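J.: show me how the following folds:
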Amino acid sequence: MWIYPKKDEYLTIHLKGLSEKVQMAETLIQKVQDTLTSKKIDSSQNLILFLQSIDLQKFQNDHFSLDNIVAVVICTKQFVSVLAKKGEH
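T.: Got it, this is the predicted structure:
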């Protein structure tokens, strides 16, 4: 099963098990995916290094949770993106 947060970013989930259970899991994953949006942020290498150096969980709590924003920051070596619940701020 492929999940496409953005056309140039791919996440893969591999499910194993009884076909009925796998189908149920795929349906649930699709429902959750439909409620989310992803935004890749234009970022410099310095910003990426900075975000890798801090506690992202604390950053999210300080800047998102306190304002009731359901979102997470995803920081890899190549890019930064925000995954958020659709309809949020």
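J.: quick check: end-to-end length of stretch 68-86?
T.: For stretch 68-86, the first-to-last residue distance is 13 Å (CA to CA, to the nearest Å).
J.: what comes up buried for that stretch?
T.: Neighbour-count burial for stretch 68-86, counted by 16 or more other CB atoms under 10 Å, picks out 70-71, 73-75, 80-82, 84. All C-beta spots, glycine's among them, are computed from the backbone N, C-alpha and C.
J.: the strands in this protein, which residues?
T.: Along the chain, counting by DSSP state E, strands occupy 2-6, 9-12, 36-41, 71-75, 80-85.
J.: between those, which gets the lowest average pLDDT?
T.: Among these, strand 2-6 has the lowest mean pLDDT, at a mean of 48.
J.: now the helices: where do they sit in the chain?
T.: In chain order, the chain shows helices spanning 19-34, 45-53, 56-63, with DSSP state H as the criterion.
J.: make TSV from the ones you listed and add distance to residue 13 to it.
T.: Converted to TSV, these look like this (distance: least, CB to CB, whole Å):
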stretch	distance to residue 13
helix 19-34	7
helix 45-53	24
helix 56-63	22
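J.: could you list the domains of the chain?
T.: 1-34, 37-89 (automatic domain parsing).
J.: ranking those by burial, who's on top?
T.: Of all those, domain 37-89 carries the top mean neighbour count, a mean of 13, counting by mean count of other CB atoms under 10 Å.
J.: phi, psi for the residue lying farthest from the centre of the chain please.
T.: Relative to the centre of the chain, the most outlying C-alpha is that of residue 18, 27.3 Å out, by CA atoms, centre = their mean. With angles defined as degrees, to the nearest 10, residue 18 sits at phi -60, psi 140.
J.: please report the distance of it from residue 24.
T.: 9 Å (CB to CB, to the nearest Å).
J.: and if you look at residue 60?
T.: 30 Å.
J.: any regions of this protein where pLDDT drops low?
T.: Low-confidence segments of the chain, defined by pLDDT under 70: 1-11, 88-89.
J.: skipping adjacent residues, who's closest to residue 86 in space?
T.: Leaving aside its chain neighbours, residue 86 sits nearest to residue 37 (5.1 Å; criterion: CB to CB, 6 or more residues apart in numbering).
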